[in-house]
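>>> Compute the structure for the input listed below.
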Amino acid sequence: MANMKKRKRRLGKSLARRCKEFDKYRTEKAWRNIFVKAGVLKNEHQL
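Model prediction:
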């Protein structure tokens, strides 16, 4: 039983870490899109 609790806790921690990284990536992506639409940054894909 103790191992099961430990495994669940470890899984929760790793998921939380992954979620945090993913959220940071999405935030950066969103800001980039805002600047591209405003014309501040040039989008490389529109060559």
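>>> rest of the way, CA atoms for contacts and neighbours
Noted.
>>> Tell me the buried residues in the strand or helix carrying residue 29?
Using DSSP states H and E, the secondary-structure element containing residue 29 is helix 2-38. Buried positions in helix 2-38, judged by neighbour count with 16 or more other C-alpha atoms under 10 Å: none.
>>> tell me how far that helix is from the chain's mean position?
5 Å (C-alpha atoms, centre = their mean, to the nearest Å).
>>> Check the spatially most central residue of the chain and give its pLDDT.
Central residue of the chain (C-alpha atoms, centre = their mean): residue 22, 1.5 Å from the mean position. Residue 22 carries a pLDDT score of 82 in this model.
>>> if I look at it, how far off is residue 6?
24 Å (C-alpha to C-alpha, to the nearest Å).
>>> Repeat that for residue 23.
The value you get for residue 23 to residue 6, if C-alpha to C-alpha is used, is 26 Å.
>>> On the three-state scheme, residue 40 is what?
Here residue 40 is recorded as coil under DSSP: H, G, I helix; E, B strand; the rest coil.
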